[in-house]
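Predicted model and sequence follow; I will ask about them next.
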Amino acid sequence: MEIWTRCYELSKSLPKDERFGLVSQINRASSSIPANIAEGSSRKSQKDTARFIQIALGSAFELETFLIGINRLQLLPEEKTQGMLDLIIEEQKMLSGFLKSLEA
């Protein structure tokens, strides 16, 4: 949830002409992470849970890609995105570990 809320705040700083492009993509990817974790946690089988964790992990990688792109295009100062990138990488590690435990 921290990533989601911080991404919404970060996206407000992007140029207005990105409202229907990058801003939309960032907001959708960041909200997909906790939404899929929540949905996966409600599933009765580990296989179903794992599928939703995989989707959440994919969204985390997608979000990381968008933030790297923001840095490369210099749409925001790197100091504004670095903390988010650190959080996202930590989330990817946690989701990957959880996924391995489900698949074991």
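Sure, I can see it.

The helix or strand residue 93 falls within: which residues count as buried?
If you go by DSSP states H and E, residue 93 is part of helix 78-103. The neighbour-count check on helix 78-103 (16 or more other Cβ atoms under 10 Å) flags 80-81, 84-85, 87-88, 91-92, 95, 98-99, 102 as buried. All C-beta atoms are positioned from the backbone trio N, CA, C, and that covers glycine.

which of these sit farthest apart?
80 and 102 (34.3 Å; Cβ to Cβ).

follow-up on the earlier one: report all helices and strands that the helix holding residue 93 contacts.
helix 2-11, helix 46-73 (3 or more Cβ pairs under 8 Å, 6 or more residues apart in numbering; DSSP states H and E).

so which of the buried residues of helix 78-103 comes closest to residue 7?
residue 84 (6.6 Å).

doesn't residue 7 make contact with the closest one?
Yes: here residue 84 reaches residue 7: they are 6.6 Å apart, a contact under Cβ atoms under 8 Å.

Enumerate every residue touching the closest residue to residue 40 other than its chain neighbours.
Among residues not flanking residue 40 along the chain, residue 52 sits closest, at 2.9 Å (Cβ to Cβ, 6 or more residues apart in numbering). By Cβ atoms under 8 Å, 6 or more residues apart in numbering, residue 52 lies in contact with 36-37, 39-40, 43.
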